[in-house]
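K.L.:
Quick one, structure for this:
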Amino acid sequence: MEYPLLKPLIFAHRGASAVEPENTLAAFSRAFHDGADGLEFDIRATINGEIVIIHDSTVDRTIKNGTGIVKELTLTELRKFDFGHGEKIPTLEEVLKLFGNTYWLNIEIKEKRLEKTLVDMLTDLKITKRLVISSFIPETLRKVKELNASIPTALLFTNPFTSLKKVRKSLHCEGIHPHKSIVTKRLLSRAAQFGLITRTWTVDKPDLAVKLAKMGVQTLITNNPKVLSDTFQALK
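P.N.:
I've put the predicted structure just below:
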């Protein structure tokens, strides 16, 4: 089935990472300037348990002036690194205070044992709107729900045989985040059957974005929100 073309939500993958250093405040601000509806970003913990925004377990790929493992460094040590154009590593608290409840925030948990700190922070800052917590780790999503059942969650996966029934009934997720390569009409039909919202990644090509939107994907996660925003604007 092909749906009438409706503009899907556009989430900026690690911010506008095609044009700014990924997972930085510059990338996040640029994303909204370029037409994004929300952000997708990754969280990890420092040695002291402070939550920072970074994809990899090390800083090696994303900095030029050092090396190190995130969980073995303090926030002060991490702040000394240049993540591109002088950008410093953001904390989750900073990003929540800047953008929470105003724009969509898709927070991907990259490692276990962050759940309580995250949920407590969301509660303390009263972040309740336009929010989804995603992860490849089922146990992590289950833990988030145990801590606060009202927080929307979504499972990330690349396996086309993932059981959507288990995602909904066992993990109690409200959404799925499949890789673009496994999105099919059947998958979307099954997702709709279980009341699951589908957001897919990482979609940078206009033709594919339009195809997925016509299939019924509700949110596209992209490195370059301007390209997709302009694409759908031109189709109005």
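
K.L.:
rest of the way, CA atoms for contacts and neighbours
P.N.:
Will do.

K.L.:
residue ranges of the helices in the chain, please?
P.N.:
Per DSSP state H, the chain carries helices over the ranges 25-33, 75-79, 92-99, 115-124, 138-147, 164-169, 185-193, 206-215, 225-234.

K.L.:
Go ahead and flag the most central residue of this protein.
P.N.:
Glu40 (2.8 Å; Cα atoms, centre = their mean).

K.L.:
Now do stretch 184-200: distance from first to last residue.
P.N.:
One end of stretch 184-200 sits 11 Å from the other (Cα to Cα, to the nearest Å).

K.L.:
Repeat that for stretch 126-140.
P.N.:
Using Cα to Cα, one end of stretch 126-140 lies 21 Å from the other.

K.L.:
Pull the distance from it to the chain's centre.
P.N.:
Remark: stretch 126-140 is offset 9 Å from the chain centroid, using Cα atoms, centre = their mean, to the nearest Å.

K.L.:
Give the buried residues for that stretch.
P.N.:
The neighbour-count check on stretch 126-140 (16 or more other Cα atoms under 10 Å) flags Ile127, Leu131, Val132, Ile133, Ser134, Ser135, Phe136, Ile137, Pro138, Thr140 as buried.

K.L.:
And for stretch 33-47?
P.N.:
Neighbour counts over stretch 33-47 (16+ other Cα under 10 Å) mark 34-46 as buried.

K.L.:
nearest to Thr117, of the residues you listed?
P.N.:
Ala45 (9.7 Å; Cα to Cα).

K.L.:
Endpoints of stretch 110-118, how far apart?
P.N.:
12 Å.

K.L.:
Show me the contact partners of that stretch.
P.N.:
Stretch 110-118 is contacted from outside by 42-45, 51, 55, 135-137, 140, 143-144, 147, using Cα atoms under 8 Å, 6 or more residues apart in numbering.

K.L.:
now, the most widely separated pair of those?
P.N.:
Greatest spatial distance among the contacts of stretch 110-118 (Cα to Cα): His55 and Leu147, at 24.0 Å.

K.L.:
out of the two, which sits in the more crowded spot?
P.N.:
Higher neighbour count among His55 and Leu147: His55, with 19 against 13, using other Cα atoms under 10 Å.

K.L.:
Need the per-residue pLDDT for the nearest residue to the more buried one once chain neighbours are set aside.
P.N.:
Of all residues not flanking His55 in the chain, Asp42 sits nearest, at 5.2 Å (Cα to Cα, 6 or more residues apart in numbering). Asp42 carries a pLDDT value of 98.

K.L.:
contacting residues around Asp42?
P.N.:
Contact partners of Asp42, counting by Cα under 8 Å, 6+ apart, are Arg14, Asn23, Ile53, Ile54, His55, Ile107, Glu108, Ile109, Lys110.
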